[in-house]
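Undergrad: no FASTA, just this:
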């Protein structure tokens, strides 16, 4: 029998008209993708100032690609975990309107989720920094493999970079606008695996709360919004979310 806490969350989902999910690095960690900011994260081995900014990329692309080539096999080989599949199932059940994610790995889509808003970009495509023409990730990888650390746009000759948002870059306008809209229109925001410290995404729970929405947080650690949440379940997404799905089926 599910715990009262799990049943409570399931009841909130059942009674909500518009459930929106916000996911962060925590759910991907369970698929073997390290949290960049964690104890063993990428930013412990590489300085974000030297390889994480758009300025550093344009001035020293070789160093950026050195880092990217280290993490690429992990990102491209990672598979969805039970948490990703549970969210996809909730969408199929008609209980989740959309997923807003800070993650760039595409695991929600691999799990079957259809409406995914990627506010920090993704690793599946690339764009020219000048004219914004889209290029395949295969093209970029091929160029880098030839030793060309500044792949050029086939239209204007500008620099092509992977569609991951770097420090100093604006978030994708369409994605962040959609995220704001979803947060303001939902009546239940389910936060999964996010510490809620990176802005402007960390402001989304506040937007939802200001519009009267209920909030549920599933995270291993306390967040700045924990005291405002209807429930904060301290646990792994891959363990907690499947229990919520099963509880919902019971209800």
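TA: In hand now; what should we look at? Note that the structure is a prediction, hence the values are computed from the model and not measured. Residues are numbered from 1 along each chain as shown.
Undergrad: C-alpha from now on. contacts and neighbour counts both.
TA: Fine.
Undergrad: In this protein, where's the longest strand?
TA: strand 121-128 (DSSP state E).
Undergrad: ok, then the element right after it?
TA: From strand 121-128 onward toward the C-terminus, using DSSP states H and E, the following helix or strand is strand 134-136.
Undergrad: That next one pairs with which strands?
TA: Partners of strand 134-136 in the sheet, by DSSP bridges, are strand 121-128 (antiparallel).
Undergrad: okay, now the closest residue to residue 183 other than its chain neighbours: neighbour count?
TA: In this structure, residue 183 finds its nearest non-sequential neighbour in residue 208, 5.0 Å apart by Cα to Cα, 6 or more residues apart in numbering. Per other Cα atoms under 10 Å, the neighbour tally for residue 208 reads 23.
Undergrad: for residue 142, same thing?
TA: Residue 142 has 12 nearby residues by other Cα under 10 Å.
Undergrad: in stretch 143-157, what counts as buried?
TA: Within stretch 143-157, the residues that count as buried by 16 or more other Cα atoms under 10 Å are 144, 149-153.
Undergrad: My error: substitute stretch 223-239 in the last question.
TA: Using 16+ other Cα under 10 Å as the test for burial, stretch 223-239 gives 223, 225-226, 228-233, 235-238.
Undergrad: distance between that stretch and the chain's centre?
TA: Centre-to-centre, stretch 223-239 and its host chain are 17 Å apart (Cα atoms, centre = their mean, to the nearest Å).
Undergrad: how long is it from one end to the other?
TA: Stretch 223-239 has its terminal residues 20 Å apart, counting by Cα to Cα, to the nearest Å.
Undergrad: quick one: average confidence on that stretch?
TA: Computed over stretch 223-239, the mean pLDDT rounds to 95.
Undergrad: hmm, back to that, can you list contacts of the longest strand of the chain?
TA: Contact with strand 121-128 is made by 103-106, 133-137, 140, 152-153, 158-165, 171-172, as judged by Cα atoms under 8 Å, 6 or more residues apart in numbering.
Undergrad: again, only using 10 Å
TA: 72, 75-76, 101-106, 132-140, 151-166, 171-172, 175 (Cα atoms under 10 Å, 6 or more residues apart in numbering).
Undergrad: What subset of these is buried?
TA: 75, 101-106, 132, 134-135, 137, 140, 151-153, 158-166, 171, 175.
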